[in-house]
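Enquirer: Model the structure of this input:
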Amino acid sequence: MGKFQSTKLFDGFSTVFRQWKAEGTHCRFLHGYGVSFRVWFEGELDERNWVWDFGNAKRSQYKIDNLNPKEWMDYMFDHTTIVAEDDPQLEFFKVMDAKGMIQLRIISSVGCEKFAEYIYNKLNPWVVSDSNGVVQIKQVEVREHEKNTALYIPTL
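Expert: Below is the predicted model:
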């Protein structure tokens, strides 16, 4: 018996970040991309013959940081500045946020690979919960434009 997978593309996000540890490259500077996220769902088919209901991100009662999954994705990635919690300029970013210059989001690490892992860790508990354990996320791809992507594939 085979496995069923489906994918959902979350796109339309404008995100600015910097990788302050990237000495010797331009990635240490603030830079922005139109980012998108493709999520792979795997599980049994439901009564509609679907692995996952793609509209569930808007309708779910599940909360990620007190927001439904769709609202959370918008909050984290739509016109935001994402900074690593160990960025030496973190206090300056907090000042810009307080002055209304940026919408600051602070996470443990930045970059496509770490964004993919972060999204997996935030979305998979929702998917498992809403599917009563029948569906899980198999991988997450982050695309910063048409040329660069990164995947996070959990080891289960």
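
Enquirer: In which helix or strand does residue 41 reside?
Expert: In this assignment (DSSP states H and E), residue 41 forms part of strand 31-43.

Enquirer: Parallel or antiparallel, list what pairs with that strand.
Expert: Sheet pairing for strand 31-43, assigned by DSSP bridges, gives strand 4-17 (antiparallel), strand 135-143 (antiparallel).

Enquirer: can you list the ones you listed in JSON lines and add distance to residue 54 and mean neighbour count?
Expert: Glycine gets a C-beta too; all of them are placed from N, C-alpha and C. Shown next, in JSON lines, are the strands paired with strand 31-43 (distance: least, Cβ to Cβ, whole Å; neighbours: other Cβ atoms under 10 Å):
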{"stretch": "strand 4-17", "distance to residue 54": "5", "mean neighbour count": "16"}
{"stretch": "strand 135-143", "distance to residue 54": "12", "mean neighbour count": "21"}
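
Enquirer: Figure out which of these is closest to residue 150.
Expert: Residue 150 lies closest, by Cβ to Cβ, to one member of the strands paired with strand 31-43: strand 135-143, at 5.2 Å.

Enquirer: sorry, back to before: tabulate the strands paired with strand 31-43 (CSV), appending distance to residue 35.
Expert: Formatted as CSV, the strands paired with strand 31-43 follow (distance: least, Cβ to Cβ, whole Å):
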stretch, distance to residue 35
strand 4-17, 5
strand 135-143, 7
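
Enquirer: Not counting the biggest helix by length in the chain itself, show me its contacts.
Expert: Longest helix of the chain, by residue count under DSSP state H: helix 112-130. By Cβ atoms under 8 Å, 6 or more residues apart in numbering, the residues outside helix 112-130 that reach it are 35, 37, 39, 41, 52, 56, 60, 62, 64, 69, 72, 82, 107-109, 135-137, 139-144, 148-152, 154.
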